[in-house]
Each structure stands twice: as C-alpha cells, then as structure tokens.
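**Q** Test case, fold it:
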Amino acid sequence: MPYHPSTDQIISLYDRHASIWNDLRSDHFVDRKWIERFRSLLPPTAIVLDLGCGSGQPVARHLIDAGLSIVGVDSSTQMLALCRKRFPTQEWIHQDMRTLALGRHFLGILAWNSLFHLKPDDQRQMFPIFQRHAAPGALLMFTSGPAHGEALGELQGETLYHASLDPEEYTARLNDHGFGVLEHIVEDAECGGQTVWLARRLLR
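**A** The predicted structure is shown next:
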C-alpha cells in the first residue's frame, strides 16, 4: 500500500533529528547556485518569506549575510529554536504553511525543499497562499519532483515522504494564481539533482 504519513509524523521526524539535520545541512550547500540566483533578482533590502525554513542554514544564512531580511515559517519547534538562537533579529513563526495568513506581502517567497513534503492535494492548496503573500513582481522559488508521483527518502533511518505534481500542472497553477514561470530546471546536475521552479508574480 502507498505510504501516506500524517503531517504530524513528518514534523515529529524533523523535531527528533533537528540537530543532526542541521549539522548535515551546514556542510551541504550544493543548492547555493539557485539561492544566489534568487537573491540576485531581489532588491538589496527585500524581506523574504521562507516557508519551511528548517534550521535557517545554509539558505536563510546566505540571504541574511547578503543583507536581506527573513520571515521564516516552520512547523518544527526544534528547527525554529535553532533559527532563533542563530538569528535572533529575524522573524521566526511556528505555523503550518498550509494555513498561513499573515496579511502581509513579500518580494520573495521560498518553499525550498519543503513544498515537496506535502501531499499532492496539499500542494495544490498552497498556490492561493503564495498568491496572497506575494507583492506585485515578487519572486517565488520552490523545488519539486521531476514528474507526478510520490517518493520515499530517508532521514536517520526513518522514512521521509516526498510528492510532486506534474510539471504541466505546476505551470498551470502558477499561471492561474498570477505567476509567470521564469525558469524550470529538471534534476539540475549542478544542484544535487534538484528540480527547481522560479516564477514571478505578474504586475497586475
């Protein structure tokens, strides 16, 4: 039977292994290319909404070091504790991204290595949330799988769920919610094989 973990199970896994995950990720920044690309397209003092911010490194750290401000959102209390300790002047919010309603607009939105932990129907529900939080002209960047389906990874010997929509559906949902695709790279060999979407909110 397909493995369909509850959101609580995924959050619990990251809570239990937050310190180890943080250590592993600290020395593993193969995705620097895309984070730098994202940063380069933003104004130098932009505020970025980082959905599924994890422990804040290396992604948030890179953006903060470049002068940007971060509003990080994560469901893991342990990950957020690391963020708050490391970057106390930034804003860290404990919340499920699927129910986010901050009433604010951002010039940059990231769902980097986080959106793909949601089940397909939950991912579909994120596009109105992206739209509600995106300022005109805002950048949105996220990772997905290369094709529709589910995949099982591993973190410290425990099963870690991933899912993806079809590329045509991602494109359609972005367009339907006011975003135009700037770049879509499938399994980028220069970025650890990650599939990346970079889009911009249309000026309307």
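**Q** Report pLDDT for the spatially most central residue of the chain.
**A** The chain has residue 111 as the residue nearest its centroid, 1.7 Å off, counting by C-alpha atoms, centre = their mean. Residue 111 carries a pLDDT score of 97 in this model.
**Q** ok, residue 188 - how many residues close by?
**A** Residue 188: 17 surrounding residues under other C-beta atoms under 10 Å. From N, CA and C alone the C-beta is placed, and that goes for glycine too.
**Q** Got phi/psi on residue 113?
**A** With angles defined as degrees, to the nearest 10, residue 113 sits at phi 60, psi 30.
**Q** need the contact list for it.
**A** Listed by C-beta atoms under 8 Å, 6 or more residues apart in numbering, the contact partners of residue 113 are 31, 52, 54, 143, 194.
**Q** Rebuild those as JSON lines, extending it with distance to residue 181, secondary structure and pLDDT.
**A** What follows is these, written out as JSON lines (distance: C-beta to C-beta, whole Å; DSSP: H, G, I helix; E, B strand; the rest coil; pLDDT from 0 to 100):
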{"residue": "31", "distance to residue 181": "19", "secondary structure": "coil", "pLDDT": "87"}
{"residue": "52", "distance to residue 181": "21", "secondary structure": "coil", "pLDDT": "92"}
{"residue": "54", "distance to residue 181": "25", "secondary structure": "coil", "pLDDT": "89"}
{"residue": "143", "distance to residue 181": "14", "secondary structure": "strand", "pLDDT": "95"}
{"residue": "194", "distance to residue 181": "16", "secondary structure": "strand", "pLDDT": "91"}
